[in-house]
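J.: Dropping a prediction and its sequence here:
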Amino acid sequence: MPDGLTSYALLAVVSGFLAHKTFVRLRLSRAKHASVRGHAKWSRRLARLVPYYSFGDENYFCADGAPSEIDLARRKAMQGLRRNVLASQPQSLAYSSSLQDSVSDVNFTAAYRVPFPFREGLPDELKQGSIIEESSGVQVRDIDGNWRYDLTGSYGVNVFGYDFYKACMDDAQRLVGDMGPVLGPYHPIVKDNVERIKSVSGLDEVSFHMSGTEAVMQAVGLARYHTGRSHLVRLCGAYHGWWDGVQPGVGTHRGVGDVYTLADLSENTLRVLETRNDIACVLINPLQALSPNANAAGDAALFGSKRSAYFDREAYTDWLHKIRDVCTAKSIVLIFDEVFLGFRLGYGGAQEYFGIQADMVTYGKTLGGGYPVGVLCGTHKLMKRYRDKQPANISFARGTFNSHPYVMAAMNSFLRRIEEPDCQALYAEGEMLWNKRVGILNARLSAIGAPVEIANMHSILTVLYRKPSRYNWMLQFYLRAEGLELSWIGSGRMIMSFNFSDEDFAEVMSRFERACLRMLDDGWWWQSDTLTDASIRSQLISEMLRARFPLFRSKRPTTSIIGDSRLEESS
């Protein structure tokens, strides 16, 4: 072939190859969610560019452009909340404060209860967490003797009520109390646990871990081991534990190049799964059905009113079946991460609820019967950690406290108890009951003119804000003042235990109403024609630019927000 033709042929081959690579890359890009959340690397880059700034006394209470009378009302309200905490929780405040410099979790949660520009001006008393020493029914008691209705659900552990888990833990002491912390050998109770979990999961083998994060790590490792593929797929906004291997965005500080974060409920995502050959597994956290493509809601991110959530069971079921079909066709391992939702949506968990059989399932939280646990279930093929003909080629995983006898015994009590008729009845009526309760609460909130609405997935609730505001994060403090215990993320997630009676929930609704009425009366939800979600976004951008570029800054007074003289004069 003449040199010219060879060159042309080579050029055509190279051009074709580059065109194909470009097409594949564009297809992947189209499958990512349009938000920053869908682009993990960019989210990390942008996070490093966000400057810290804080509101001074001049604009802390009127960052939304509120007039002076609203500014003053808000100052008085903040003082009132502070005085209430000082009077009702002196021991809790002192104890929580003593932990802050020594326990990193306490330091972090104190800093991230509210959007960061409001952090410094927030009274220290409102930053402190709860110090709890007793639970009973649906309430918890702090060391000052205050009883509050518990809406935290212990991060998902508390499905059936604290008294239920106390009984499981008592059973554990009775069943294995003579054994103590014997680790390595199994207690005979393990066999019954395994058989029951296999029945629930529909899978062949079980491995025990100390946390849900560990179980997910093992699931991903085994999926890669058996498929020989490099990448995992997670859906935008989903949380799968704190391991950086499944959280490539903000919060991770090593390079994570083997994770595809794709859009939830997107046909483009299905096309990527159908056409790529490097995907080992797809991780599904069924909780994302409540807020597809959105991160876990927390009040520290309430810069405006853009929090969204809406659960459509039929639509999400159809979506998960499509993922199941493509994973089967492409030999991709489908992993259901039921660490949070397992044993809440039904006896068979999210698999039963959505009608999906996954290849691997992870459990945690509530399955330990009150103790820490992580569990991985899978098929015989996927759970095998070695190759018969390659004895040095293994997938290693262990943990000193795996199968701790007290954990195994409490787990056994849990698994036996949820099979009893009263628990099965709770499962049968659960979704209808909680949808009805949330519907009643929303009607009551609408009747009083509160600009909030509750969205729910079964017994997991989140507060949505229906009018533009920069102060929605204040609601958490009013709810607490009314005797409702929230986790440190505030109104973003309220996890209800099944032992809430109609009378208990009626009391919670009344307290919720009172909190919202006080928020309205104290001016936090002040409105104007110029206050819109768009204007709030513009304000945020302007504030960040001024903080990033000092030449645009203006000097702010250093007067203490809490000790403001205008408050003293008006008192």
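T.: The structure has been received and is ready for your questions.
J.: my read is Leu222 is in a strand, agree?
T.: No: counting by DSSP: H, G, I helix; E, B strand; the rest coil, Leu222 is not part of a strand but helix.
J.: For it, grab the count of nearby residues.
T.: By the criterion of other CB atoms under 10 Å, Leu222 has 25 neighbours. C-beta here means a position set from N, CA and C on the backbone, and glycine is covered the same way.
J.: Let me see the contact set for it.
T.: Counting by CB atoms under 8 Å, 6 or more residues apart in numbering, Leu222 touches Met360, Gly378, Leu382, Met383, Arg385, Ser395.
J.: got the residues you listed as TSV, with neighbour count, secondary structure and distance to Ile335 columns?
T.: Shown next, in TSV, are the contacts of Leu222 (neighbours: other CB atoms under 10 Å; DSSP: H, G, I helix; E, B strand; the rest coil; distance: CB to CB, whole Å):
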residue	neighbour count	secondary structure	distance to Ile335
Met360	27	strand	5
Gly378	26	strand	9
Leu382	22	helix	9
Met383	20	helix	12
Arg385	15	coil	16
Ser395	16	coil	15
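J.: which residue ranges form the helices in the stretch 201-350 of the chain?
T.: Assigned by DSSP state H, counting those that start in this stretch, the helices in the stretch 201-350 of the chain fall at 212-227, 267-275, 313-330, 349-354.
J.: do the same with the stretch 51-200 of the chain
T.: Assignment of helices within the stretch 51-200 of the chain using DSSP H, counting those that start in this stretch yields the ranges 68-88, 90-100, 104-111, 124-127, 162-176, 189-201.
J.: out of the ones you listed, which comes closest to Ala9?
T.: helix 189-201 (55.2 Å; CB to CB).
J.: Quick one: list the elements packing against that closest one.
T.: Helices and strands touching helix 189-201, by 3 or more CB pairs under 8 Å, 6 or more residues apart in numbering; DSSP states H and E, are strand 205-209, helix 349-354, strand 360-364, strand 374-378, helix 405-417.
J.: Between the ones you listed, which one is closest to Arg83.
T.: The nearest among the helices and strands packed on helix 189-201, by CB to CB, is strand 360-364 at 40.5 Å.
J.: With just CA atoms, put that closest one into CSV.
T.: Extracted C-alpha coordinates of strand 360-364, given in CSV (Å, rounded to 0.1, in the frame of the first residue of the first chain):
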residue,chain,number,x,y,z
MET,A,360,-26.0,-9.0,47.7
VAL,A,361,-27.6,-7.2,50.7
THR,A,362,-26.1,-5.4,53.6
TYR,A,363,-27.8,-4.9,56.9
GLY,A,364,-26.9,-3.1,60.1
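J.: Check the contacts of Leu222 against Glu482 and report the nearest one.
T.: If you rank these by distance to Glu482 using CB to CB, Met360 comes first, at 42.9 Å.
J.: give the contact list for the residue lying closest to the closest one once chain neighbours are set aside.
T.: Distances taken as CB to CB, 6 or more residues apart in numbering place Gly378 nearest to Met360, at 4.1 Å, with adjacent residues excluded. Neighbouring residues of Gly378 by CB under 8 Å, 6+ apart: Leu203, Asp204, Glu205, Ala219, Leu222, Asp359, Met360, Val361.
J.: Mind doing that once more with 10 Å?
T.: Contacts were defined as CB atoms under 10 Å, 6 or more residues apart in numbering; by that measure Gly378 touches 201, 203-207, 218-219, 222-223, 226, 333, 335, 358-362, 384.
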